[in-house]
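> Got a predicted structure here, sequence first:
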Amino acid sequence: MKTITEITRQKPTPPQIRLAAYCRVSSDSSDQLHSFAAQIKYYSEYCKRHPEYKFVDIYADEGITGTSMEKRDDFRRMLRDCKKGLIDRIIVKSMSRFARNTEEMLTALRALEQMEVSVYFEEQGLDTESMNSEMFATFPGMVAQQESVSISQNMRWSYKKRMESGEFNCCAPAYGFDLINGKLVINETEAAVIRRIFNLYLEGIGMQGIANILNDEGICRRYGRKKWYHTTISYVLNNERYKGDALLQKQITTQTLPFKKQFNHGERPMYYVENSNPAIVSRETYDAVQALIKSRQPSCKRKAKNYPLTRMLLCPDCGHTFRRQVVNGTAYWLCAAKATNKTDCAWRRVKEDEVYAAFNLMIRKVQANREYLLGTLIRQFEELQYRTTGSQQRIKEIDREIADLTAQNLVLSRLHGKRVLNAADYTAQSDVLENKITELRIERRTKITDSDENEMLDELKMLNDILKEVEIGIDFDAELFEQTVDNITVESNELLTFHLAGGISLPEKIREKGRCYQA
């Protein structure tokens, strides 16, 4: 028979709290990467010192801004694991590491509170387990947000002054260039691809045709992106950098959080700098391409057998396509079967220019709401893929490998600083580590965001890329139409349904010329 003492000693051990750590650095500089490695090492040792915790994982985003959760893959992975019930508590160094956007911080904290996951901020000594998240997050979060806004304003002022003086170059080099010591230097491997694109276009091959050639040959873009699109080729052919000039401030960043890039439509001045960088193609080649692009723009005066709307307009009653008809100089489209009395479907006839106007209005709406509409769909598809691909374990392994390699690089840097390791040996060994880290980053990005297996997701990404890069003008863009629209259902003489790439269907009313309407 057991004694009271024995029974007392056999008290059940309380379950361990499943702890995850989140860390982030705000740039890709070597100093910040060293900070990144130090944070990973710190949290690994933290769990060893606190036996009440069962360590789950370290979630780490490197070289990524904290003003928006959109670009923080591991932050979103951590939230997904919380939702699966794998995490009880999160520890993070400071609120600015967690987020610099008050609205997104509160949204995340509310979501974690509903999942019964607490967050402890070491620097502020704040714990959501014992405090109301609304009380403590608002004021320090606003301070952190204001810090981010202030930094952004200072950088914007610095960029403006450097543009005015002609000293500004760029922050991210275009394909074909490397940025070395603040100067653009031609990357000969990529430059050969650029020259080939220009030559293929001058040979008469269209932009999508060039993209297909590069894709078939397996020529990759940068940062692990595997596919070329019509919009990518258009960007190359219209980029003045390749002839040695620079048009600065084509895109601008909003002045309030969350910071977003948008095209500059005259809100701020642009600066054109001639001979700003080495040229990859000659000015004659560049100008010849521009002239050819202009000549290929659709013109109402030029007759052609095929039109942008050929086989694109569908009758909802009989399923037949529409055919073109010109009456008194005005182009109309009508159901081919109804026009020849082959079917008894409703009479539908639409003006060509009004279909073009409806497309322009619709595609502007999609571009204006791109992040909300396409971004949401893409994230949902990616999360679905993420659950089914079984890549989570590999992502954890990659994170640990990156941390280990970065720590090794830090040791090399210190040895070099203390003159234990000479410059030649340091450079050689550091380059090997950096190359391995780069390869791992590309693999990690591919595991999380890339998938060629899901055709619909691929089309959504293509549509998102197109609308992210293209600037929609006033006139109808036939190539943009071809890339984004699969077909159009003519619901009536007043309503069209545009079926876009990725399975998106959007209705748009037809407006007669001269009639006022709102977008």
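Everything's here; your move.

> Point out where the stretch 1-150 of the chain drops to low pLDDT.
Flagging of the stretch 1-150 of the chain using pLDDT under 70 yields the residue ranges 1-14, 25-37, 62-71, 100-103, 124, 131-150.

> make it 90
Low-confidence segments of the stretch 1-150 of the chain (pLDDT under 90): 1-17, 23-77, 84, 92-111, 113-114, 116, 120-150.

> Going along the chain, name the helices of it.
Chain-ordered helices for the stretch 1-150 of the chain, with DSSP state H, counting those that start in this stretch as the definition, fall at 4-9, 30-49, 73-83, 95-98, 102-114, 133-165.

> Likewise for the stretch 351-500 of the chain?
Along the stretch 351-500 of the chain, the segments classed as helices by DSSP H, counting those that start in this stretch run 352-368, 370, 376-389, 392-417, 423-449, 455-469, 478-484.

> right, and these - which one's nearest Ile91?
Taking C-beta to C-beta as the criterion, Ile91 comes closest to helix 392-417 out of the helices of the stretch 351-500 of the chain, the separation being 16.3 Å. Yep, even glycine has a C-beta here, placed from its N, CA and C like the rest.

> and the angle for the closest one with helix 423-449?
Counting by axes from the mean of the first three to the mean of the last three C-alpha atoms, to 10 degrees, helix 392-417 points 160 degrees away from the direction of helix 423-449.

> Buried residues in helix 392-417, which are they?
Along helix 392-417, the positions that meet the burial threshold by neighbour count (16 or more other C-beta atoms under 10 Å) are 392, 395, 398-399, 401-410, 412-413, 416.

> repeat for stretch 364-382
When burial is assessed from 16+ other C-beta under 10 Å, stretch 364-382 yields the following buried residues: 366-367, 373-374, 377-378, 381-382.

> Could you do stretch 474-489 as well?
Going through stretch 474-489 with 16+ other C-beta under 10 Å, the ones that come out buried are 476-477, 479-481, 483-485, 488-489.

> Of all pairs in these, which one is the farthest apart?
For those, the maximum inter-member distance is 22.2 Å, found between Glu479 and Thr489 (C-beta to C-beta).

> what is the mean pLDDT for stretch 381-396?
Averaged across stretch 381-396, pLDDT comes to 64.

> Please measure how far the first residue of it sits from its last one.
Using C-alpha to C-alpha, to the nearest Å, the end-to-end distance of stretch 381-396 comes to 21 Å.

> and if you look at stretch 346-359?
For stretch 346-359, the separation between the terminal residues is 23 Å (C-alpha to C-alpha).

> List the neighbours of that stretch that are in contact with it.
Residues lying outside stretch 346-359 but in contact with it, judged by C-beta atoms under 8 Å, 6 or more residues apart in numbering, are 307-309, 313, 315, 317, 322, 324-325, 330-335, 338, 476, 481, 485, 488, 490, 492-493, 496, 498, 508-513.

> Any of the residues you listed buried? List them.
When burial is judged by neighbour count using 16+ other C-beta under 10 Å, the buried members of the contacts of stretch 346-359 are 308-309, 313, 315, 322, 331-335, 338, 476, 481, 485, 488, 490, 496, 498, 508, 510.

> Give me the subset of those residues that lies in strands.
Members of those lying in strands (criterion: DSSP state E): 313, 322, 331-335, 485, 488, 490, 496, 498, 508.

> Could you save those as JSON lines and add columns showing distance to Lys243?
Conversion of these to JSON lines gives the following (distance: C-beta to C-beta, whole Å):
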{"residue": "Leu313", "distance to Lys243": "40"}
{"residue": "Phe322", "distance to Lys243": "42"}
{"residue": "Ala331", "distance to Lys243": "38"}
{"residue": "Tyr332", "distance to Lys243": "43"}
{"residue": "Trp333", "distance to Lys243": "41"}
{"residue": "Leu334", "distance to Lys243": "46"}
{"residue": "Cys335", "distance to Lys243": "48"}
{"residue": "Val485", "distance to Lys243": "32"}
{"residue": "Ile488", "distance to Lys243": "38"}
{"residue": "Val490", "distance to Lys243": "44"}
{"residue": "Leu496", "distance to Lys243": "40"}
{"residue": "Phe498", "distance to Lys243": "36"}
{"residue": "Glu508", "distance to Lys243": "39"}
